[in-house]
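**Q** please find the sequence and the predicted model below.
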Amino acid sequence: KEAEQQQKLANVVILATGGTIAGAGASAANSATYQAAKLGVDKLIAGVPELATLANVRGEQVMQIASESISNDDLLKLGKRVAELADSKDVDGIVITHGTDTLEETAYFLNLVEKTDKPIVVVGSMRPGTAMSADGMLNLYNAVAVASDKQSRGKGVLVTMNDEIQSGRDVSKSVNIKTEAFKSAWGPMGMVVEGKSYWFRLPAKRHTVNSEFDIKQISALPQVDIAYGYGNVTDTAYKALAQNGAKALIHAGTGNGSVSSRVVPALQELRKNGVQIIRSSHVNQGGFVLRNAEQPDDKNDWVVAHDLNPQKARILAMVAMTKTQDSKELQRIFWEY
Ligand SMILES: NC(=O)CC[C@H](N)C(=O)O
């Protein structure tokens, strides 16, 4: 009977990378003061015995770090492992446990480069498992539920936090002290309640199987850096980043990606020297940058990131620049993904 039940369940692999979901604090009162990336994947799985009712679950420890320390090489390593598993006939879905600080970057990266319609779900937690009212158990349970559900196929890389199913493209960490930390300007795609998914919308942007990018063809990512716009800003950071080898600079601009008059000449000069200039906005949840609004992008040969926040714009620019150095092509890609 048990063997029959196992055969019916989906096979889900949990790739663990660290973060608070694998964190531990000194006491149950420590919801914010603790060490991330302490518990191994087997402990995570053992901590939620109910996973066995959802899927045949096995775990792999891909790395054990806090997500602010994830490098481009780490992204490639994780992306390649996800692709291998997605190609395997005995894998139906993949869950990635991840620190929440750069979870939105990893989710968007995978959304761009994984050529599969199998569910890929990225999940984290805001409180360590040792804290009162820890959120990791339920988030992980929901992630496995979504990853084992056939309905989740072909919807791009997903993020399950706080009972919501979010698009890995749009979602961003918007509050860093609440369990409802992850928001998308365009709203969640669905809800997951008691292990069942309820869907409301689909992503309109290209992703996974419809993407022109493939992790199997990517062996390195170009250096793309971010500089921040604010009152009294100078061009020092922009110039230094370019001098240090940045092939593209993401302008984390004020408002609709506006650029200070003290910075404009340096960016025009850098573009003439071959550095791509990409205007985004650091407005929380709702940056919206349009070409030739605020700055003459056609004349400057700059690119706009549209609704992508600076950290997501960095991910797309890196992936796009594995294929093209043409600013018009880059702009097309920024509209389509
Ligand atoms: N809530 C978290 O996961 C944050 C912990 C850590 N800074 C990380 O991103 O891994």
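**A** Nice, I can see it. If you're wondering where the values come from, they're calculated on a predicted model, not measured in any experiment.
**Q** can you tell me how far the residue in the chain positioned nearest to the ligand is from residue 181?
**A** Among residues of the chain, the one nearest the ligand by CB to the nearest ligand atom turns out to be residue 99. It sits 1.8 Å away. Heads up, the C-betas are built off the backbone N, CA and C, glycines and all. The spacing between residue 99 and residue 181, counted by CB to CB, to the nearest Å, is 12 Å.
**Q** higher neighbour count, the two?
**A** When neighbours are counted by other CB atoms under 10 Å, residue 99 comes out ahead of the other of residue 99 and residue 181, with 24 against 20.
**Q** just the element for that one, please.
**A** Element membership of residue 99, judged by DSSP states H and E, is empty: it is in no helix or strand.
**Q** again with residue 37
**A** Per DSSP H and E, residue 37 falls between elements, in no helix or strand.
**Q** return the per-residue confidence for it.
**A** The per-residue pLDDT reported for residue 37 equals 95.
**Q** the one 10 residues further on now?
**A** The model reports residue 47 with a pLDDT of 96.
**Q** over to the closest residue to residue 198 other than its chain neighbours. Which of the three states is it?
**A** In space, and not counting its chain neighbours, residue 198 is closest to residue 191: 4.8 Å by CB to CB, 6 or more residues apart in numbering. For residue 191, the reduced secondary structure class is strand; criterion used: DSSP: H, G, I helix; E, B strand; the rest coil.
**Q** for residue 191, give me its contacts.
**A** Shown here is residue 191, whose contacts under the criterion CB atoms under 8 Å, 6 or more residues apart in numbering are 163-165, 197-198, 200.
**Q** in the sheet, who's paired with it?
**A** On the basis of DSSP bridges, residue 191 is bridged to residue 164, residue 198.
**Q** so what's the residue nearest to residue 158 when sequence neighbours are not counted bridging to?
**A** Closest residue in space to residue 158, ignoring its immediate chain neighbours: residue 121 at 4.8 Å, by CB to CB, 6+ apart. Beta-bridge partners recorded for residue 121 (DSSP bridges): residue 95, residue 158.
**Q** what sits against residue 121?
**A** Taking CB under 8 Å, 6+ apart, we find residue 121 in contact with 93-96, 143-144, 146-147, 152, 157-160.
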